[in-house]
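Asker: Turn this into a structure:
(chains A and B)
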Amino acid sequence: MANESKAPQSPESSQPDVSGSSPAPSAAGTSRSSAIKAAGPGPLQTALDNECSRRYRDRFGVGILDALEDRRQAILIIDSSQLLEIARYSRDDEKFHLLEDYTAVDWPRREKRFDLVAQLYSFTHNTRLRLKIPLGADEQPATLVPVWPAANWLEREIFDLFGIAFRGHPNLKRILLPDEWQGHPLRKDYDILQQDTAWVRENLSIESGQ
Amino acid sequence: MKILADTGNDNAAQKTDTLFGADELVINMGPQHPSTHGVLRVKLKLDGERVVGSECVIGYLHRGVEKIAENRTYQQFAPYVDRMDYVSAVSNGLGYCEAVEKLLVVEAPPRARVIRTILTELQRIASHLLWLGTHALDIGALTPLFYCMREREEVLKMFEKYCGARLTTHAFRIGGLQYEAYDTMEKDVERFCKNFEGRIQQYSDLLTGNSIWIGRTRNVGLLNSADCIALGASGPVLRASGVAWDLRKAMPYAAYDQYKFEIPVGTRGDTYDRYMVRIDEMRQSRLICLQAIENIPAGPIMARVGKVLKPPVGEVYHAIEAPKGILGYYIVSDGSTQPYRVRIRPPSFVNLQALDKMIRGHLVTDVVAIIGTLDIVLGEVDR
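Answerer: You can find the predicted model right below:
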């Protein structure tokens, strides 16, 4: 019982195998993701073939690129051109009334640079479903605001931090950062110490913000 | 207009008689305003004293928590989550630790899960107490604040005895707990819970039947269940609109499946209902704590996880019922010691989206009540 208690935590002291990818800012970008540049399947990912995924496949055919299960969580990878139809179908027919979360992941070395990730929840069935939408670097996906109004701020946050512009969004502007800010911080090529120094100098009258 | 027509109160009658229309005034509320509970700025478009439109300006407290996560190891990032919703740090830590545990496919031992449940429920009480005190203060009732702070202090003292910290506790570790329960913890929790029922009654005596309180909160900031779900609002806001849904019941985590408790719900979805829901939730949290201390299983408090965490490639989403609503963590692992991406789904951020819908048609003074009733923490909204 006392084996772990009171032991000082020293995660840094015992990490021989991370020497190549130290948390120094310069290594933070694309270099450490070489193992997954193509976003290959993880060891715990299996193909998903349940009734729900079959209904989606029957209905949308090639619009459903893949169906996976990772750690017992269902994932549908869908084509961005059918995003709005699939979203409507998810809400109205599959009863996923709640858009719990909507975010993005940057994979700079992949052919399709971004993944949009939507977490759906159904009160009716008490289940979750994750929709993943691969996007090219300059692609503009359709907004989900008409389907789930909750997407409004969530899409603005994605726009702000990843620079993905949503087609048809009612009020697409930055939400967390100042409107004039240059750059999108959650992209992998945006360094941890990087910032819009010109904006900081002009508006805060300090150098570098440190 | 529709909202007001439903209420049938005097304000609605005034609205229909108003002669203003062309003279709209835009004013800033915040970011330095005591009732915005931090640095929220709301641009209000007013017709006389009545709100006809609004826009939230947020981000003043943005620290880039998700970016920081990508540059820290899994363990190093754990203390950062405490700084998001800094009045319920324990809940933040629980969500993060459980999410990483799912990613690693390990489970905390039963003893750790029960102690986690006790601390998290105490945190819910502390969070709701701070909300109640400040919310009542915003509306003009000074006394409850002192009562609420008195009880919150007892909870914080228990945290201090447990892990040495009062607010940003970092109480849990990935895989279980670092610290064993201190010697008199069960007695402390029991004594607190035994006294607490009477204390809740004290707050209730001050406010529940108080005609000023009712006048300021009844039919103010209405949000029905359909709108809640469409806007993603969760937690007490959703329950006050009549949806008996709580992640602790729907998808139990920690040790919640072992305890009996009820989900308090409201009927109208107004500020008064949200007040009643949170008061009743404190009662239920108290009951959960009392059940939990009766039988804390013996055994280890840490699962077998290495000092170096390298979760298998893949991703996981895990959400808990934080005091303010659904707190979700979406973590992508690339097999290295640092997460490839950590997304935090903050309840305050999503709930705050409903503000515009709730304040339209109300007076400026009601905006203060409605911001309070949403129970937002800007550290979490801005991250």
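Asker: longest single helix anywhere in chain A?
Answerer: Using DSSP state H, we find that the single longest helix of chain A is helix A:151-162.
Asker: Take that one, keep the C-alpha atoms, and write them as PDB.
Answerer: What follows is helix A:151-162, C-alpha atoms only, in PDB (Å, rounded to 0.1, in the frame of the first residue of the first chain):
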ATOM      1  CA  ALA A 151     -20.800  23.900 -33.100                       C
ATOM      2  CA  ASN A 152     -20.800  27.700 -33.400                       C
ATOM      3  CA  TRP A 153     -18.100  28.500 -30.800                       C
ATOM      4  CA  LEU A 154     -16.400  25.200 -31.200                       C
ATOM      5  CA  GLU A 155     -15.800  25.900 -34.900                       C
ATOM      6  CA  ARG A 156     -14.600  29.400 -34.100                       C
ATOM      7  CA  GLU A 157     -12.100  27.800 -31.800                       C
ATOM      8  CA  ILE A 158     -10.900  25.400 -34.500                       C
ATOM      9  CA  PHE A 159     -10.600  28.400 -36.900                       C
ATOM     10  CA  ASP A 160      -8.700  30.300 -34.400                       C
ATOM     11  CA  LEU A 161      -6.200  27.700 -33.300                       C
ATOM     12  CA  PHE A 162      -5.900  25.600 -36.500                       C
END
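Asker: Tell me the helix or strand right after that helix.
Answerer: helix A:197-204 (DSSP states H and E).
Asker: In CSV, list the C-alpha atoms belonging to that next one.
Answerer: Provided in CSV are the C-alpha atoms of helix A:197-204 (Å, rounded to 0.1, in the frame of the first residue of the first chain):
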residue,chain,number,x,y,z
THR,A,197,5.8,39.5,-31.5
ALA,A,198,4.6,42.4,-33.6
TRP,A,199,1.2,42.3,-32.1
VAL,A,200,2.6,42.0,-28.6
ARG,A,201,4.9,45.0,-29.1
GLU,A,202,2.2,47.1,-30.6
ASN,A,203,-0.6,46.3,-28.1
LEU,A,204,1.2,45.5,-24.9
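Asker: For it, which residues meet the burial criterion?
Answerer: By neighbour count on 16 or more other Cβ atoms under 10 Å in any protein chain shown, the buried set for helix A:197-204 is A:199, A:200. C-beta coordinates here come from the backbone N, C-alpha and C atoms, glycine included.
Asker: any bit of that helix sitting next to chain B?
Answerer: No: judged by Cβ under 8 Å from any Cβ of the partner chain, helix A:197-204 and chain B are separated, with a smallest distance of 12.4 Å.
Asker: how many other residues sit next to residue A:111?
Answerer: When neighbours are defined as other Cβ atoms under 10 Å in any protein chain shown, residue A:111 has 11 of them.
Asker: Name the nearest residue to it, sequence neighbours excluded.
Answerer: Leaving aside its sequence neighbours, residue A:111 sits nearest to residue A:136 (Cβ to Cβ, 6 or more residues apart in numbering or on different chains; 7.9 Å).
Asker: and the one you found, what is it in contact with?
Answerer: A:111, A:112, A:113, A:114 (Cβ atoms under 8 Å, 6 or more residues apart in numbering or on different chains).
Asker: distance of the first one from residue B:377?
Answerer: Taking Cβ to Cβ, to the nearest Å as the measure, residue A:111 falls 40 Å from residue B:377.
Asker: Same check on the third one?
Answerer: Counting by Cβ to Cβ, the gap from residue A:113 to residue B:377 is 33 Å.
Asker: if you count what's nearby, which of the two comes out ahead?
Answerer: Using other Cβ under 10 Å, the more surrounded residue of residue A:113 and residue B:377 is residue B:377, with 24 against 21.
Asker: The longest helix of chain A packs against which elements?
Answerer: Other elements packing on helix A:151-162 under the criterion 3 or more Cβ pairs under 8 Å, 6 or more residues apart in numbering or on different chains; DSSP states H and E are strand A:98-106, helix B:347-352.
Asker: looking at these, which is buried most?
Answerer: Of all those, helix B:347-352 has the most neighbours on average by mean count of other Cβ atoms under 10 Å in any protein chain shown, namely a mean of 27.
Asker: contacts for it?
Answerer: Where contact means Cβ under 8 Å, 6+ apart, the residues beyond helix B:347-352 that reach it are A:150, A:153-154, A:157, B:40, B:56, B:58, B:85, B:231-235, B:237, B:322, B:324-327, B:374-378, B:380-381, B:383.
Asker: So which of the residues you listed are in helices?
Answerer: Using DSSP H, the contacts of helix B:347-352 in helices are A:153, A:154, A:157, B:231, B:237, B:374, B:378, B:380, B:381.
Asker: just curious, which of the residues you listed is nearest to residue B:182?
Answerer: residue B:380 (28.8 Å; Cβ to Cβ).
Asker: Output the lowest mean pLDDT helix or strand found in chain B.
Answerer: helix B:2-7 (a mean of 41; mean pLDDT, DSSP states H and E).
Asker: Find the nearest non-adjacent residue to residue B:317, please.
Answerer: Residue B:317 sits nearest to residue B:330 (Cβ to Cβ, 6+ apart), 4.6 Å away.
Asker: Would you confirm that the one you found belongs to a strand?
Answerer: Yes: read with DSSP: H, G, I helix; E, B strand; the rest coil, residue B:330 is one of the residues of a strand.
Asker: what about it, how many neighbours?
Answerer: Neighbours of residue B:330 under the rule other Cβ under 10 Å: 23.
Asker: which residues touch it?
Answerer: Neighbour list for residue B:330: A:101, A:103, A:117, A:119, B:315, B:316, B:317, B:341, B:342, B:343, B:345 [criterion: Cβ under 8 Å, 6+ apart].
Asker: The strand or helix carrying the third one - what's its average pLDDT?
Answerer: Which is residue A:117. Taking DSSP H and E as the criterion, residue A:117 maps to strand A:114-122. On average, the pLDDT along strand A:114-122 is 93.
Asker: between it and helix A:151-162, how big is the angle?
Answerer: 150 degrees (axes from the mean of the first three to the mean of the last three Cα atoms, to 10 degrees).
Asker: ok, residues contacting strand A:114-122?
Answerer: So strand A:114-122 is contacted by A:39, A:80, A:87, A:90, A:94-107, A:127-137, A:139, A:141, A:144, A:158, A:162, A:164, B:317, B:328, B:330, B:343, B:345 (Cβ under 8 Å, 6+ apart).
Asker: Let's see that with 6 Å instead.
Answerer: A:90, A:95-96, A:98, A:100-106, A:128-135, B:317 (Cβ atoms under 6 Å, 6 or more residues apart in numbering or on different chains).
Asker: For whichever helix or strand comes after it, name the packing helices and strands.
Answerer: Remark: after strand A:114-122, the chain's next helix or strand is strand A:127-135, criterion DSSP H and E. If you count contacts as 3 or more Cβ pairs under 6 Å, 6 or more residues apart in numbering or on different chains; DSSP states H and E, strand A:127-135 packs onto strand A:73-78, strand A:114-122.
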